[in-house]
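Visitor: need a 3D model of the following:
(2 chains)
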Amino acid sequence: MATQASRSAARLMVSPSVILLFIWMAVPLGMVIYYSFRRYRLLNPERAGWNGWSNYSSFVFSPDFGGALVNTLILVLGVLIITVVLGILIALLIDQPIWGQGPVRILVISPFFIMPPVSALVWKNMFFNPSNGLFGELFKYLGMRPFDFLGQAPLGSIVTIVAWEWLPFATLILLTALQSLDSEQLEAAEMDGAPVLKRFWYIILPHMSRSITVVILIQTIFLLGIFGEILVTTAGGPGTASTTLPFLIFKEALLDFDVGTAAAGGVVAVILANIVAIFLMKAIGKNLD
Amino acid sequence: MGRITLDKVSKSFGEVNVIPPLDLTIEDGEFVVFVGPSGCGKSTLLRLIAGLEDITSGQIRIDGNDATHMPPAKRGLAMVFQSYALYPHMSVKKNIAFPMKMAGVDPAEQERRIKSAAEALNLTAYLDRRPGQLSGGQRQRVAIGRAIVREPAAFLFDEPLSNLDAALRVGMRLEISELHNRLETTMIYVTHDQVEAMTMADKIVVLQAGVIEQVGSPMELYHKPRNAFVAGFIGSPKMNLIGGAEAAKHNAATIGVRPEHIAVSATEGTWKGTIGVSEHLGSDTFFHVHGTGLADAMTIRAGGEVDLHHGDTVFLTPDADKIHRFDKEGLRIE
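Guide: Take a look at the predicted model:
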């Protein structure tokens, strides 16, 4: 199969899709970089022109930038920790032979089928709302004052919502990892005198490490861009308490009508995402070998 | 010490009774082989002894102590699995050290035992490798090493050679037998291969459908099979079992003659037939003889230099002293 002719034929055959994908990626990226050096405000678009690095400096040195960066990291790390830890525990639980295993598994996976803004709205109105929400009712039932989750702990609430959305993904991948573990290994460990917790620590967890790495890498990429949940619940507030990097860019572009600064923010976000990706690959990428 | 006694042990999975109540004693230092066709319950029996399955009723005693409800680790038995069950993320050394680490053995003592096990099993050069970088035979030896360092009362082997190729299997068979001679520890070995059973065992336990058909030394089983099943199962090639009128002549429902106890001649003999397939092994020749009217095909073992071929008419003469007779229930008639 690997003759010279077949290889060039293969290259020729895949080239249309590769070229299309490249254009798909390169053109928007090029336009963002172009606008990031332009003065381009939608309120007075006639005053356009080259703007040097001032879009970048006004984005990076704006008072909201540092907070948004920290909020983004809290969101990503918080969701990762919750989904990986709970994902492992739920995977262990639903791997047990129980009656009604099939329906239970489908129920566990179902949050993943709900689109993010919808689940965020359900959480906002049916759970977190202090006067109408279920948690408010629960607090009242226990004789406490209802807690205004989105007002008092906006970022924590958003972390909860996003973790709820991503937990099925983590659980599913970790469950398949668990199922691929050779049962004779666990029996051997049992014979070797390892009790349940040690079997988990020395056999099951190392076996799952590759899948945990995959979960962390994939989720990090998606979590860095979380936006819809924030828009429909807190809109970045109160103040800037739940403003993340993507939301700050959105604010520059569509609330302050400053396309140039938003584009600069986009470039900064791409660079930061790449730094995170390199850091992650260095830290845990060896698990994928 | 490793004397294991099974007292009316039975096992059911739900409604299915896999092992009806069964008694068996395994003496200290014995090499016992459980052999039988697949699905006969031999692996289940081993797992009951190991403690990986709970027994439904009865009692297991190890060195006189009731071990029926003891967890596997407390029974002092080490098991070698069919898939080896090595821990893939640990080096060979860590694999071997794992049971000692779990038992909290002193690190210096751990080193000493790893060293002696590695030397005994030719693993010294591979201690830092992962199981994935080893060949099948080496993995097998690591699994045995992991069992040795625990200094168990008995070793349990669950078809340990079935994943190896034929040449390696013969080599490992010798190594395990040598290991048994050196350690003089009780070993229980499960296999479906009667050659492994015959060559390694001090005592063979033949099982069928969870029932012990016969217990005895390899030669006892060969010379005095208790019933037609054992007669057909032990020995290679298989014994020729003949029913009908020929058996009635010997006052039996079935008679059995081993291929090596039938003389073959081109000119004269008791039974006449035609040679079908003949297998020339050099040292021996196996003839499959058809048309004798006794059985579909009679298997005959002859010397390596017999000049008979496909289609030749031959005469067969059984060795009268070595005919086994069985009654209607398949039991041996003395």
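
Visitor: buried ones in stretch A:206-225?
Guide: A:207-208, A:211-217, A:219-220, A:223-224 (16 or more other CB atoms under 10 Å in any protein chain shown). Any C-beta I mention is one placed from the backbone N, CA and C, and that applies to glycine too.

Visitor: over to stretch A:60-74?
Guide: A:D64, A:F65, A:G67, A:A68, A:L69, A:N71, A:T72, A:I74.

Visitor: tell me the one among the buried residues of stretch A:206-225 nearest to B:L221.
Guide: Of all the buried residues of stretch A:206-225, A:H207 has the smallest distance to B:L221: 42.9 Å, by CB to CB.

Visitor: returning to what we had before: go back to the buried residues of stretch A:206-225 and keep what's next to chain B.
Guide: Among the buried residues of stretch A:206-225, the residues within reach of chain B (CB under 8 Å from any CB of the partner chain) are A:H207.

Visitor: now do the helices in the chain.
Guide: Picking chain A for this. Assigned by DSSP state H, the helices in chain A fall at A:4-36, A:54-60, A:63-94, A:101-109, A:116-122, A:134-141, A:149-152, A:154-179, A:183-191, A:196-199, A:205-223, A:228-233, A:245-250, A:259-284.

Visitor: that answer is for a different chain, and I need it for chain B
Guide: Ranges of helices in chain B, per DSSP H, are B:42-50, B:92-103, B:107-120, B:136-148, B:166-183, B:194-200, B:218-223, B:228-233, B:244-249.

Visitor: closest to chain A out of those?
Guide: Chain A lies closest to helix B:92-103 among the helices of chain B, at 3.8 Å (CB to the nearest CB).

Visitor: so how far is stretch B:151-168 off the chain centroid?
Guide: Distance, stretch centre to chain centre, for stretch B:151-168: 11 Å (CA atoms, centre = their mean, to the nearest Å).

Visitor: mind listing what's buried along that stretch?
Guide: Neighbour-count burial for stretch B:151-168, counted by 16+ other CB under 10 Å, picks out B:P152, B:A153, B:A154, B:F155, B:L156, B:F157, B:D158, B:E159, B:P160, B:L161, B:L164.

Visitor: possible to save those residues as JSON lines with distance to B:M102?
Guide: Below are the buried residues of stretch B:151-168 laid out as JSON lines (distance: CB to CB, whole Å):
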{"residue": "B:P152", "distance to B:M102": "14"}
{"residue": "B:A153", "distance to B:M102": "17"}
{"residue": "B:A154", "distance to B:M102": "19"}
{"residue": "B:F155", "distance to B:M102": "18"}
{"residue": "B:L156", "distance to B:M102": "18"}
{"residue": "B:F157", "distance to B:M102": "21"}
{"residue": "B:D158", "distance to B:M102": "21"}
{"residue": "B:E159", "distance to B:M102": "25"}
{"residue": "B:P160", "distance to B:M102": "22"}
{"residue": "B:L161", "distance to B:M102": "27"}
{"residue": "B:L164", "distance to B:M102": "28"}
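
Visitor: tell me the contacts of B:A295?
Guide: By CB atoms under 8 Å, 6 or more residues apart in numbering or on different chains, the contact list for B:A295 reads B:N240, B:L241, B:I242.

Visitor: can you tell me how far it sits from B:N240?
Guide: Using CB to CB, to the nearest Å, one obtains 6 Å as the distance from B:A295 to B:N240.

Visitor: quick revisit: export the buried residues of stretch B:151-168 to JSON lines and append columns for distance to chain A.
Guide: What follows is the buried residues of stretch B:151-168, written out as JSON lines (distance: CB to the nearest CB, whole Å):
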{"residue": "B:P152", "distance to chain A": "9"}
{"residue": "B:A153", "distance to chain A": "13"}
{"residue": "B:A154", "distance to chain A": "12"}
{"residue": "B:F155", "distance to chain A": "11"}
{"residue": "B:L156", "distance to chain A": "8"}
{"residue": "B:F157", "distance to chain A": "13"}
{"residue": "B:D158", "distance to chain A": "9"}
{"residue": "B:E159", "distance to chain A": "12"}
{"residue": "B:P160", "distance to chain A": "12"}
{"residue": "B:L161", "distance to chain A": "16"}
{"residue": "B:L164", "distance to chain A": "16"}
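
Visitor: B:G171: which of these is nearest?
Guide: Proximity of those to B:G171 (CB to CB) peaks at B:L164, which lies at 8.6 Å.

Visitor: do I have it right that the closest one meets B:M172?
Guide: Yes: proximity of B:L164 to B:M172 meets the contact threshold set by CB atoms under 8 Å, at 6.2 Å.

Visitor: name the residues contacting each of those two.
Guide: Applying CB under 8 Å, 6+ apart, one finds that B:L164 and B:M172 are jointly contacted by B:G137, B:Q140.

Visitor: next, give me the two most distant ones among the buried residues of stretch B:151-168.
Guide: B:A153 and B:L164 (26.7 Å).

Visitor: so how many other residues sit close to A:R7?
Guide: 11 (other CB atoms under 10 Å in any protein chain shown).
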